[in-house]
Every structure is written in C-alpha cells, then in structure tokens.
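Everything below, folded, please.
(one chain, ligands or ions: 1)
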Amino acid sequence: MTPEKMSDATEALCRKAPVIPVLIVEKASDAKPLAEALIAGGLPCLEVTLRTEAALEVIAEMAQVAGGHVGAGTLLTPQDVENAKKSGATFGVSPGATDRILDAAEANDLPLLPGAATATEAMQLLEKGYRIQKFFPAEANGGAPALKALASPLPQISFCPTGGVSLANAPDYLGLSNTLCVGGSWVAPTKAFEAKDWKTIENLAREAVTRLS
Ligand SMILES: O=C(O)C(=O)C[C@H](O)[C@H](O)COP(=O)(O)O
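Numbers count the residues shown, from 1 in each chain. Below is the predicted model of the structure:
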C-alpha cells in the first residue's frame, strides 16, 4: 500500500471520532469488555500499544468486537508491524518514523500514522507521501501553539496530536485547522481497568464525544 493510500485510510479513521483512545492493556481478558465500553461510548478507533506481553492477543480479541477499528501503537520494529497485522490490527501508530518502520508498513499493507515532532520530520514524511501524521509528544513539544505554527507553512499536513492530551486541553488542538482528532489515554484510566469498571470507561468515552464533537 502506498503512503498516499495509507493517508486516505488514516484520515478516514481520524474523522470517525474526536479521540483515539491510547490503551495499555495487561490482560487479554479485559480486551473485549474494554473495547465494547469505548465503542458504546462513541469511540470506535482504538490504539492498543505494544507495551505489554498481552498486547497482540488483546488486538486479536478486540478485532472481533463489532463496530470497532483496532490499531497497534508503539510500533518500533518491522517485526512489530508484521505481528500487529497478523493479530488483526487494521492500522498502526508509531511514536516516530524510521525508514524500516515505513517500509514494513508498506510491505504489510498496514495503514500507518507515523509520528513527527518537528517541521523537518513532518516534511520528510510529506515527501514520502504521508499527509496524515501523529504530532508526538504533543504537550511536551509546545502543545497547540506549536502545532498551530506548523499549519501556516504546512497546511497540507493534518495531525493527530498525542502525548499529554486531556479533556481539558483537547479543544485547543481540535480547534486548529490541521488537527483531525487527538490521541489520549485519559478515557481508559488504570484504576477503572483494575476495578473492571467498564461503565466508567464508557461514560468517559461518551463525555469526550459530547464535549469535543
Ligand atoms: O506509543 C505510541 O505509539 C503512542 O501512541 C504513545 C502515546 O501517544 C502516549 O503514550 C499517549 O500518552 P498519554 O499522554 O497518556 O495520552
């Protein structure tokens, strides 16, 4: 799949809801109820970070839940890309972008949302055909004012800012011309997981949709 086609796919995903939940899931048994809660709350695109042993199994479980689009986050190696695709991920997210990751995503037909933190990184990705990118780490990198500053010279790139984004600061990003949606972990807090409090997670998702749409 070409980077241009990937960008069409990632743009469509980013336009489905204002937030892509970033998920760190330790237990595969939590996968289905968690995905069901987030989807019921109105957030269908889910990013499962490959930061736990269970992550690939979690992706496989979540991929079976109706109405969702499950992606793999924290893609760091070509093997991660291959594993994500095999587990049923339909998109990938990476904190940055290396040639090896980009090549692997193209070879595996996995639409990739690659990370950029500077104008140069964003331009390098644009040269390759990636017009939809993740702005990471968003808050530490200057937040909404920094992203706004990129819109003027680079209006053809749209972003999903992620990293330090919350319900409180998400509107600052979502009001920018170059932001499609935001990524964030706040909709699935560890405490709620531990208590298997899926209702709270569904409510956090619904609150995000209501306040940010
Ligand atoms: O590893 C990746 O591919 C990621 O997507 C990293 C995430 O962007 C951050 O972990 C989001 O973290 P919060 O600041 O808790 O919302």
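
Give me the contact list for stretch 131-142.
Outside stretch 131-142, the residues within contact range by C-beta atoms under 8 Å, 6 or more residues apart in numbering are 4, 6-7, 10-11, 14, 93-96, 113-117, 122, 125, 147, 149-150, 156-165, 169, 173, 180, 182-183. (C-beta placed from N, C-alpha, C; glycine too.)

hey, where'd the strands end up in the protein?
19-23, 45-49, 69-73, 91-93, 112-113, 115-116, 132-135, 158-161, 182-184 (DSSP state E).

What average pLDDT does the fourth one get?
So the one you mean is strand 91-93. The pLDDT scores in strand 91-93 average 98.

Intersect the contacts of stretch 131-142 with the contacts of the ligand.
With C-beta under 6 Å from any ligand atom as the criterion, these include 93-95, 162-165, 183 near the ligand.

Please enumerate the helices of the chain.
Listed in chain order, the helices of the chain (DSSP state H) span 3-14, 31-40, 55-62, 78-87, 99-107, 119-128, 143-151, 170-174, 190-194, 198-212.

buried sites along the fourth one?
By neighbour count, and taking 16 or more other C-beta atoms under 10 Å as the criterion, the buried residues in helix 78-87 are 78, 80-81, 83-85, 87.

Let's have those residues in CSV, adding distance to residue 202 and pLDDT.
Formatted as CSV, the buried residues of helix 78-87 follow (distance: C-beta to C-beta, whole Å; pLDDT from 0 to 100):
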residue, distance to residue 202, pLDDT
78, 36, 98
80, 29, 98
81, 31, 98
83, 29, 98
84, 26, 98
85, 29, 98
87, 24, 98
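
measure residue 35 to the ligand for me?
Distance from residue 35 to the ligand, counting by C-beta to the nearest ligand atom, to the nearest Å: 17 Å.
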